[in-house]
Each structure stands twice: as structure tokens, then as C-alpha cells.
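Trainee: predicted structure and sequence below. I'll ask about it afterward.
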Amino acid sequence: MGDSNGSPPTASPPLTPELEYRVPQRMISSGARSLDESCQWFHGKMTRSEAEEVLRQNGGRNGQFLVRESGSSYGDFAISVVHEGSVVHYQ
């Protein structure tokens with residue numbers, strides 16, 4: 001919205017790098033040295049079939065999931081989720 005003298009609205013300045021990438025301290029102060037130590041859902045490098053086996057061995061209930069490093073695309077992650085008796089994978 002413009003101000004009372006009729007000037008057009010102005011855009012907010014872009015976020016500075018310090019603000020744009022700020023992570024709440026509570027998210028990083030757990031004392032864990034790496035992601036796999038702090039998150040039970042993270043399983044590191046794992047294939048689709050290994051992920052399916054882990055999920056099935058742990059009950060295979062709807063909504064169960066794990067996050068893993070992609071076996072096919074270096075640097076990418078995938079989430080494997082149990083849905084209606086099957087395991088689906090998203091990268």
C-alpha cells in the first residue's frame with residue numbers, strides 16, 4: 001500500500017544472508033556431531049530395497065518413513081514412506 005500522500009507502494013528489501021539462512025539455535029544445539037546421531041529417521045546411504053526392508057522390519061505401518069542419501073544421485077536425499085502397504089520413494 002502507498003502512504004497517505006499517494007506514492008506507490010515499495011517492496012521490502014531482500015533478506016540479508018545473515019537473516020535468510022538463520023537456523024533457530026534450538027535446532028542445532030543438541031550436541032550431536034552429525035545428522036545421523038541426532039535423527040532416528042535418518043539412515044545415511046541406503047538403496048531403495050534396503051529402505052524397504054528396514055521399514056518392513058519395523059512394522060510397515062502407514063506413515064512410517066525414513067530419510068536416506070540417494071543411492072543414484074550423489075548429494076541428493078530421498079524419503080521412503082509406507083503408504084497403503086507399499087513403500088514409495090521420493091527424491
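Mentor: Perfect, I can see it now.
Trainee: please make it C-alpha for all contacts and neighbour counts, starting now.
Mentor: Will do.
Trainee: name the residues that touch stretch 69-86?
Mentor: 43-48, 51-52, 55, 60-68, 87-91 (Cα atoms under 8 Å, 6 or more residues apart in numbering).
Trainee: list the buried residues for that stretch?
Mentor: Buried residues in stretch 69-86, counted by 16 or more other Cα atoms under 10 Å: Glu69, Ser70, Phe77, Ala78, Ile79, Ser80, Val81, Val82.
Trainee: go on, stretch 51-64?
Mentor: Buried-residue list, stretch 51-64, by 16+ other Cα under 10 Å: Ala51, Glu52, Leu55, Arg56, Gly60, Arg61, Gln64.
Trainee: show the average pLDDT along that stretch.
Mentor: Here stretch 51-64 scores 92 as its mean pLDDT.
Trainee: with distance to Cys39 and secondary structure added, can I get the buried residues of stretch 51-64 in JSON lines?
Mentor: Shown next, in JSON lines, are the buried residues of stretch 51-64 (distance: Cα to Cα, whole Å; DSSP: H, G, I helix; E, B strand; the rest coil):
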{"residue": "Ala51", "distance to Cys39": "16", "secondary structure": "helix"}
{"residue": "Glu52", "distance to Cys39": "19", "secondary structure": "helix"}
{"residue": "Leu55", "distance to Cys39": "16", "secondary structure": "helix"}
{"residue": "Arg56", "distance to Cys39": "19", "secondary structure": "helix"}
{"residue": "Gly60", "distance to Cys39": "19", "secondary structure": "coil"}
{"residue": "Arg61", "distance to Cys39": "19", "secondary structure": "coil"}
{"residue": "Gln64", "distance to Cys39": "14", "secondary structure": "coil"}
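Trainee: tell me which two of the residues you listed sit farthest apart.
Mentor: Greatest spatial distance in these: Ala51 and Arg61, 13.9 Å, computed using Cα to Cα.
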